[in-house]
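Undergrad: Requesting a structural model of the entry that follows:
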Amino acid sequence: MGHYPVLLLYVPFRSTALLFARNYREHSHYCLIVAMRALYVETRLLPGSLIEALGKGKRLREDADYYDRWSEEGASFALKAAGDFLKKAQELTKDLHKSPR
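TA: Numbers count the residues shown, from 1 in each chain. Below is the predicted model of the structure:
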């Protein structure tokens, strides 16, 4: 996993949970980002900045895993972005369970 926080691993899983809540599943991290934008950003359930951070986190992880390029600054960004995303996704999943389908 390169040198990036293990917390980054949970972001795609939480994102996938949000897609499952809408009866979708992703086929790649790219598709996950596109679907999150369409289902949650365009409907104003999530701020676009969180999805942009998800994309940047994906690129940072790929750089670390495949090219051994990483930085403390990138790791700090990824950790903060992951925490922000997880907090908002947790709120959304609670709201989704409360609302009728």
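Undergrad: from here on, contacts and neighbour counts on C-alpha atoms
TA: Fine.
Undergrad: and His97, what pLDDT?
TA: pLDDT for His97: 63.
Undergrad: Neighbours of Lys58, how many?
TA: 20 (other CA atoms under 10 Å).
Undergrad: mind checking which helix or strand it is in?
TA: Using DSSP states H and E, Lys58 sits within helix 48-67.
Undergrad: right, and the helix or strand after that helix?
TA: As assigned by DSSP H and E, the chain's next helix or strand after helix 48-67 is helix 72-98.
Undergrad: and the gap between Arg61 and His29?
TA: Here the criterion is CA to CA, to the nearest Å. By it, Arg61 lies 12 Å from His29.
Undergrad: okay, these two: which has more neighbours?
TA: More crowded of Arg61 and His29, by other CA under 10 Å: Arg61, with 25 against 15.
Undergrad: residue ranges with poor pLDDT in the protein?
TA: For the chain, the stretches with pLDDT under 70 are 1-14, 96-101.
Undergrad: try it again with 50
TA: Residues of the chain that meet the criterion pLDDT under 50 lie in 1-7, 9-10.
Undergrad: tell me which residues in stretch 16-29 are buried?
TA: Within stretch 16-29, the residues scored as buried using 16 or more other CA atoms under 10 Å are Thr16, Ala17, Leu18, Leu19, Arg25, Glu26.
Undergrad: quick one: which of those is nearest Glu73?
TA: Closest approach to Glu73 among the buried residues of stretch 16-29 (CA to CA): Thr16, at 26.6 Å.
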